[in-house]
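Asker: For reference, the sequence and a predicted model appear below.
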Amino acid sequence: MLPLKEKDKPIIQKLLAAGCCARCILRFCCVNLPSAYRQPLQVTLTEIQDFILGAEDEKVQDPATAVSTEENNSQNAAEDPPSKRVKLDPADPSDGSAAAAVIRSNPGESQVCVACLGILQELCGTQQAVKIAETVKAQNYEFDSLVLSISLPAQLCVREHSCWLHVKKEVREKGLALDKDDVIQVKEAFKWIMQSLVAKELGGGVAVVSKSGFEVGVEFTHPETDSDCHFLAKVCPDCFKPTKNKQSVFTRMAVVKALEKISDDKFLKQYPCPPARPASSCVPQDVQCLHVSVFIAGRYNKFCRSLPQTPWLIDGERRMESSVEELIAAPVLTAFRADGFNFSSSGREDVDVRTLGNGRPFAMELQNPHKSRLSKLQMKELQETINKSSDKIRVRDLQIVTREAMGRMKEGEEEKTKSYTALVWTLKPIQKEDISFIDDIKDLTLDQKTPLRVLHRRALAVRQRVIHTMNARYVDAHHFYLALKTQAGTYIKEFVHGDFGRTKPNLCELLKTDTDILELDVESVDVDWPPAIPE
Amino acid sequence: MDCETQKDAELEAPSIIDRYYTRWYRTDLKGQLCEDHCILQHSNRLCVVTLAETHPVLQNGRTIKSIDYQISNGCSRLNNKVSGKSKRGGQFLTDFAPLCRITFIFYCFCNLKAAFSCIRGRLLEVNENILERPNLLLEKPSTEGYIAVILPKFEESKSVTENLLSRKEFEIVVSKRDQPQAS
């Protein structure tokens, strides 16, 4: 039994005559009962009709409608199948009996609903659920829950508004109130019906819920009525700003905003109330599956002096083979069956610089992973796979982390200290004693102009950076190793060779000779994240 | 002995300039004999303007009196300000835009020469170190004594050196100067 009330009758009659399907009628009657929508459409329609015709019986006592009473009596009394009934003019909505006659005479005729454009009619049954389930299964995701995300054409809002105004008029005349917010949304009704159907088709304990990392997107379009929205652009032009990226300016959000602003009178002048009957139903688009990103983190070592961190391409041509991120990403993408990735790390080193010690923290966002959970053992095995795949890099502490973790890693980039070893060449021949003073220098502040080698892509500025400690290890008359512990963001190479005098002070000034840097190694990146994983 | 080891040391390690920059030359600027400039073009397309070793200012016996970036009543290269990654606001220079005026003394005579841009592009910075220490220009003309840094337009990065001479071509021009003129 449908929870319909006396006050719903005028609404039902108006909407039936306007061409709404039974489920949309329930929505406008604010029926908040999912089971009412789940029963077959025809059953719902019949129950609504019975409910209305119950009203017709009452009208028998009203002398003002004596003429229609006769017709009703004859209709109710007869046992003839409905299709043989006389077809009355459906264009007269004010006469309740005419509406009843309409539905009696056209019960099986499938007319596309003017409000939902077929979405709550043919497009939300078992057939649809089977299609969705098959697509999901074919794409082979690992999941135990999913959320259905529905995308409806924007003109549905316009039609909904039109239907609401249609009954609002009628309802107010009878002294009743109908709040637009109480009307059940098409999306909600659709989900009430489809969630359990899809869950059934998928089987295996899959829960179709309201929040999940796995999203199954169902989209409907209705090209026939796309122009329904266009009049809004003339009335509320400020709601519709043309953007470069979007194909259509009539997004759902923009349409909703415009409908909130437009006055009832203006709307009724521009758009039919009730809406015009469509010739076709909505068209369902391909089902899109999307799993929320998974984040992994670790630390990497780079042992090669000819490996960039990210792919090096100029004019689309690869300048150097492979990269740190590609070497790490390849096995990871395979293990998680992800579509793509975003790699980021706590700072970077140049192509010709090695990263030694504990390595540099990095994190990766894996996009649309078809597999999202790996055990600690599986992560260890994945780490092994990466390490075996190349001797140029090494990964440690590989683990799954949360999205927030990415922020922690970036904080290391700006705040934490780093340690380096540089092989320095001097023009002037040196003795051990000449470089011993370097060990005593503490907290040397440098003024570094943006190095020329990066000036083409960075703003011109002067940065103050601190070298906390240094240590010099003599090699021969023209070489020594310089160990440094510096503030994050210090340009080591420029400190050594001076960068045309644009880094001051620099090693040339300190040693009173031209110096150059032959090799640089990162010894440590002093960030205590991600948490170490014992081998 | 020290000189020898120094020279060996120089040969052993290619300098920063040789590793990252290509040398381009423009000779006899504005028709003035030997007023040669050397443009150091970085692999990232940035250009550093320097005086070539053949320039009169750098020859023996010169001392720099002053360097002035005020090249006209209304324009001082010191006022050049760039902002942001795209270096907005930088003065756009053409080939013969003057960068600075160099006043130097040679045998008690005061001389004035100008340094020029030599290439088209946006001026990023001029070397303020040579204002404070003009002799830097004489001591290290190719590095700390540079004049200015210019960023050519992206589309012109390759073509900007079309009017310039390579190191080899420059050496040929210089050697022709030293040869006595054919009678």
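Answerer: Looks like it arrived, so ask away.
Asker: my guess is A:C304 contacts A:D352, does it?
Answerer: No: applying C-beta atoms under 8 Å, one finds A:C304 not in contact with A:D352, separated by 9.3 Å. To be clear about C-beta, it is placed using only N, CA and C from the backbone, and glycine gets the same treatment.
Asker: mind giving me the domain ranges of chain A?
Answerer: Annotated domains of chain A cover A:6-289, A:293-410, A:417-525 [automatic domain parsing].
Asker: Just the element for the residue in the stretch 301-450 of chain A that chain B sits nearest to, please.
Answerer: Here the residue of the stretch 301-450 of chain A nearest chain B is A:W425; by C-beta to the nearest C-beta that distance is 4.8 Å. Element membership of A:W425, judged by DSSP states H and E, is strand A:418-426.
Asker: Now that strand - C-alpha only, PDB.
Answerer: What follows is strand A:418-426, C-alpha atoms only, in PDB (Å, rounded to 0.1, in the frame of the first residue of the first chain):
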ATOM      1  CA  LYS A 418      70.700  17.800   3.800                       C
ATOM      2  CA  SER A 419      74.300  16.500   3.800                       C
ATOM      3  CA  TYR A 420      76.500  16.300   0.700                       C
ATOM      4  CA  THR A 421      80.000  15.400  -0.400                       C
ATOM      5  CA  ALA A 422      81.600  17.200  -3.300                       C
ATOM      6  CA  LEU A 423      84.800  16.500  -5.200                       C
ATOM      7  CA  VAL A 424      86.400  20.000  -5.600                       C
ATOM      8  CA  TRP A 425      89.000  21.000  -8.100                       C
ATOM      9  CA  THR A 426      91.300  24.000  -7.500                       C
END
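Asker: Can you flag the weakest of the domains of chain A by average pLDDT?
Answerer: With a mean of 79, domain A:6-289 has the lowest mean pLDDT of the domains of chain A.
Asker: sorry, back to before: pull the number of nearby residues for the residue of the stretch 301-450 of chain A closest to chain B.
Answerer: Per other C-beta atoms under 10 Å in any protein chain shown, the neighbour tally for A:W425 reads 21.
Asker: From A:S35, how far off is it?
Answerer: A:W425 is 83 Å from A:S35, where distance means C-beta to C-beta, to the nearest Å.
Asker: which element follows the helix or strand that B:T63 is a member of toward the C-terminus?
Answerer: Secondary-structure element containing B:T63, defined by DSSP H and E: strand B:62-68. Counting by DSSP H and E, the next helix or strand C-terminal to strand B:62-68 is strand B:92-93.
Asker: What lies in contact with that next one?
Answerer: Outside strand B:92-93, the residues within contact range by C-beta atoms under 8 Å, 6 or more residues apart in numbering or on different chains are B:L99, B:S117, B:I119, B:R120, B:G121, B:R122, B:L123, B:I150.
Asker: so what strands line up beside that strand?
Answerer: Sheet pairing of strand B:92-93 (DSSP bridges) gives strand B:121-126 (antiparallel).
Asker: now the residue of chain B found nearest chain A, what's its secondary structure?
Answerer: Closest residue of chain B to chain A, C-beta to the nearest C-beta: B:E144 (3.7 Å). With DSSP: H, G, I helix; E, B strand; the rest coil as the basis, B:E144 sits in coil.
Asker: What residues does whatever residue of chain A ends up closest to chain B make contact with?
Answerer: The nearest approach of chain A to chain B comes at A:G501, 3.7 Å away (C-beta to the nearest C-beta). By C-beta under 8 Å, 6+ apart, the contact set of A:G501 is B:N127, B:N129, B:L136, B:K140, B:T143, B:E144.
Asker: 10 Å - rerun?
Answerer: Applying C-beta atoms under 10 Å, 6 or more residues apart in numbering or on different chains to A:G501 gives the contacts A:449, A:508-509, B:127-130, B:133, B:136, B:140, B:143-146.
Asker: Of those, just say which sits nearest to A:T515.
Answerer: Nearest to A:T515, judged by C-beta to C-beta, of these is A:C508 at 5.0 Å.
Asker: Need the residues that contact the strand or helix carrying the closest one.
Answerer: In this assignment (DSSP H and E), A:C508 forms part of helix A:507-511. Applying C-beta under 10 Å, 6+ apart, the contact partners of helix A:507-511 are A:422, A:424, A:426-428, A:430, A:434-435, A:437-438, A:441, A:444, A:470, A:472, A:480, A:482, A:492, A:494-498, A:501, A:503, A:513-517, B:140, B:143-144.
Asker: Dump it to CSV, keeping only the CA atoms.
Answerer: Provided in CSV are the C-alpha atoms of helix A:507-511 (Å, rounded to 0.1, in the frame of the first residue of the first chain):
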residue,chain,number,x,y,z
LEU,A,507,84.5,28.6,-2.2
CYS,A,508,86.6,30.5,-4.8
GLU,A,509,86.7,33.5,-2.5
LEU,A,510,87.4,31.5,0.6
LEU,A,511,90.3,29.6,-1.1
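Asker: Return the distance of it from the chain's centre.
Answerer: Chain-centre distance of helix A:507-511: 54 Å, with C-alpha atoms, centre = their mean, to the nearest Å.
Asker: and B:C75, how many residues sit next to it?
Answerer: Around B:C75 there are 14 other residues, counting by other C-beta under 10 Å.
Asker: now it, nearest residue through space, not along the chain?
Answerer: Spatially, and ignoring its direct neighbours in sequence, B:C75 is nearest to B:Q91 (7.7 Å; C-beta to C-beta, 6 or more residues apart in numbering or on different chains).
Asker: wait, what's in contact with the one you found?
Answerer: Contact analysis of B:Q91 by C-beta under 10 Å, 6+ apart lists B:75-77, B:79-82, B:97, B:117, B:122-124, B:126, B:150.
Asker: Tell me the pLDDT of it.
Answerer: 91.
Asker: again with the one 4 residues further on
Answerer: Turning to B:D95, the model gives it a pLDDT of 90.
Asker: Surely it touches B:P152?
Answerer: No: at 11.4 Å, B:D95 does not count as touching B:P152 under the criterion of C-beta atoms under 10 Å.
Asker: For the residue nearest to the spatial centre of chain B, give its distance to A:P331.
Answerer: Nearest to the geometric centre of chain B sits B:T50, at 1.7 Å (C-alpha atoms, centre = their mean). Here the criterion is C-beta to C-beta. By it, B:T50 lies 49 Å from A:P331.
Asker: Is it correct that A:S280 is in contact with A:F220?
Answerer: No: checked against C-beta under 10 Å, the pair A:S280 and A:F220 is beyond contact range at 11.9 Å.
Asker: between the two, who's got more neighbours?
Answerer: Remark: of A:S280 and A:F220, A:F220 carries more neighbours, 21 against 12, as counted by other C-beta under 10 Å.
Asker: mind listing what the more buried one touches?
Answerer: By C-beta under 10 Å, 6+ apart, A:F220 lies in contact with A:116-119, A:123, A:150-153, A:156, A:186, A:190, A:281-285.
Asker: Does it belong to a helix, a strand or coil?
Answerer: Using three-state DSSP, the secondary structure recorded for A:F220 is strand.
Asker: sorry, back to before: didn't the residue of chain B closest to chain A look like it was pressed against B:E132?
Answerer: No: at 11.4 Å, B:E144 and B:E132 do not qualify as touching, with contact defined as C-beta under 10 Å.
Asker: Between those two, which is the more surrounded one?
Answerer: Between B:E144 and B:E132, counted using other C-beta under 10 Å, B:E144 has the larger neighbour count: 22 against 9.
Asker: Just the pLDDT at that one, thanks.
Answerer: What the model reports as pLDDT for B:E144 is 93.
Asker: part of a helix, is A:T490?
Answerer: No: using three-state DSSP, the assignment for A:T490 is coil, not a helix.
Asker: okay, now it: neighbour count?
Answerer: For A:T490, using other C-beta under 10 Å, the count is 22.
Asker: And it, how far from A:F343?
Answerer: According to C-beta to C-beta, A:T490 and A:F343 sit 23 Å apart.
Asker: still on that earlier bit, let's see which of the contacts of A:F220 end up in helices.
Answerer: Among the contacts of A:F220, DSSP state H puts A:L156, A:V186, A:F190 in helices.
Asker: Could you find the closest non-adjacent residue to the second one?
Answerer: Spelled out, that is A:V186. Spatially, and ignoring its direct neighbours in sequence, A:V186 is nearest to A:C116 (5.1 Å; C-beta to C-beta, 6+ apart).
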